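A.B. asks: Sequence first, predicted coordinates after that:
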Amino acid sequence: MIHPSEFGALRAFAAVAEQRSFSRAAQQLGVSASALSQIVRGLEERLSIRLLNRTTRSVSLTEAGSVLLAEITPAIASLSGALDHARNAGNRPAGTVRLHCFHAAADSFVVPVLPALARDYPEILLDLTLDDTVVDIVAGGYDAGIRIGEVIERDMVAIRLGGEIRQLAVASPAYLAEHGTPGIPKDLLDHRCIRWRWPGHESTYAWEFFEDGHWFSVGVDGPLITSSRAVMLEAALAGVGIAFLKEESVAGAFADGRLIPLLAEWSVPFPGYYLCYPQQRQMAPALRAVVDAITASSETR
């Protein structure tokens, strides 16, 4: 059986590995950076293997450290969840809820409920990670996530939030004046397009359109690839090229003429964001409170 001190050492190592910093991990755990360094070094000595590469400016995982982190992350999450369940005895909403959320979804569904959560459940700590990377909710140690429907694991409970999403090709008047206006989706192959890439993916996103009851994609090309929707929007406004963005994010630019919608007849709405969490026999009261707050707020949108 693992000694209690070893669990603390493994948790300390996981925190440093996640933060890639002893100082940030120490702040998260509520200990000093020097004490945290000694804990991790002691773990390395007991295992007789180096887990972290340290320099004065950075911390990175060794191969052995990467293997160990992958093995212990689900276990740490499970034990942390068990402790939270114990704290929540008597159905009192308390403890930490770890939520992984796409950036745009946070603005729409999480930020609006923060004041009510803080007021009604002062003993709940919401640990919110904003990241457009598609991660494994369970393996990542998260209690729940908010993401679009097409990237939800099959074994997750998924609750639809808000309405549908529509993506549109958009460009500035200056760009269209210089390069012309595409009449059909395949015309995009002759244009300078601002491409988007899922964080953590090598390939770029192919723009999706709808015709005669079927979706089809166009693999565009252009001078810029980014994983930031905000950068795409700014580049389109500056005339760098044509971007493919959510309609609601460019509504203001349409209204004042800074951007022009393109190929609208080929762009139809699709199901948007979902709040998802693992199937479980008994949901912790703290997680239930957060789920109920987010879903109730989304119904008013």
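C.D. replies: Nice, thanks for sending it over. Residues are numbered from 1 along each chain as shown.

A.B. asks: Please report how far Ile260 lies from Arg98.
C.D. replies: 41 Å (C-beta to C-beta, to the nearest Å). Bear in mind the C-beta positions are built from the backbone N, C-alpha and C, glycine included.

A.B. asks: likewise Arg192?
C.D. replies: The value you get for Arg192 to Arg98, if C-beta to C-beta is used, is 41 Å.

A.B. asks: out of the two, which sits in the more crowded spot?
C.D. replies: A count of neighbours by other C-beta atoms under 10 Å puts Arg98 above the other of Arg192 and Arg98, at 21 against 18.

A.B. asks: Test my guess that the more buried one contacts Ile137.
C.D. replies: No. Taking contacts as C-beta atoms under 8 Å, Arg98 lies outside contact range of Ile137: 9.3 Å.

A.B. asks: Where do the helices of this structure begin and end?
C.D. replies: Remark: helices assigned in the chain by DSSP state H are 4-19, 22-29, 33-47, 63-87, 103-105, 114-120, 173-179, 229-237, 251-255, 285-298.

A.B. asks: can you list the weak-confidence ranges in the stretch 1-150 of the chain?
C.D. replies: Scanning the stretch 1-150 of the chain for pLDDT under 70 picks out 1-5, 81-91.

A.B. asks: what sits in contact with each of Arg98 and Ile137?
C.D. replies: The contact sets of Arg98 and Ile137 overlap at Asp143, Ala144 (C-beta atoms under 8 Å, 6 or more residues apart in numbering).

A.B. asks: Against Ala264, how distant is the most centrally placed residue in the chain?
C.D. replies: Centroid-nearest residue in the chain, with C-alpha atoms, centre = their mean: Asp131, separated by 2.9 Å. Distance of Asp131 to Ala264, computed by C-beta to C-beta: 31 Å.

A.B. asks: Over to Ser78?
C.D. replies: For Ser78, the distance to Ala264 - C-beta to C-beta - is 48 Å.

A.B. asks: and what of Val220?
C.D. replies: Between Val220 and Ala264 the computed distance is 17 Å (C-beta to C-beta).

A.B. asks: okay, the two: which has more neighbours?
C.D. replies: The neighbour count for Val220 versus Ala264, taken as other C-beta under 10 Å, is higher for Val220 (22 against 11).

A.B. asks: Isn't the more buried one up against Asp190?
C.D. replies: No. When contacts are counted by C-beta under 8 Å, Val220 is not listed as touching Asp190 (10.0 Å).

A.B. asks: From the structure, what's the count of residues near Ala77?
C.D. replies: 19.

A.B. asks: Pretty sure it sits against Val138.
C.D. replies: Yes. Between Ala77 and Val138 there is a contact under C-beta under 8 Å: 7.3 Å.

A.B. asks: Domain-wise, how is the chain divided?
C.D. replies: 1-73, 88-163+270-301, 167-266 (automatic domain parsing).

A.B. asks: What number of neighbouring residues does Phe270 come out with?
C.D. replies: Phe270 has 15 nearby residues by other C-beta under 10 Å.

A.B. asks: Just the CA atoms of stretch 120-136, as PDB, please.
C.D. replies: Coordinates of each C-alpha in stretch 120-136 appear next as PDB, following Å, rounded to 0.1, in the frame of the first residue of the first chain:
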ATOM      1  CA  ASP A 120     -25.200  31.100  -2.900                       C
ATOM      2  CA  TYR A 121     -22.400  28.500  -2.400                       C
ATOM      3  CA  PRO A 122     -19.500  30.300  -0.600                       C
ATOM      4  CA  GLU A 123     -17.800  26.900   0.200                       C
ATOM      5  CA  ILE A 124     -17.500  25.900  -3.500                       C
ATOM      6  CA  LEU A 125     -14.200  26.500  -5.200                       C
ATOM      7  CA  LEU A 126     -14.700  26.600  -9.000                       C
ATOM      8  CA  ASP A 127     -11.300  25.800 -10.700                       C
ATOM      9  CA  LEU A 128     -11.900  27.000 -14.200                       C
ATOM     10  CA  THR A 129      -9.500  26.100 -17.100                       C
ATOM     11  CA  LEU A 130     -10.100  28.000 -20.300                       C
ATOM     12  CA  ASP A 131      -8.500  26.100 -23.200                       C
ATOM     13  CA  ASP A 132      -9.700  25.300 -26.700                       C
ATOM     14  CA  THR A 133      -7.700  22.000 -26.700                       C
ATOM     15  CA  VAL A 134      -9.900  18.900 -26.700                       C
ATOM     16  CA  VAL A 135      -8.800  17.000 -23.600                       C
ATOM     17  CA  ASP A 136     -10.000  13.800 -22.000                       C
END
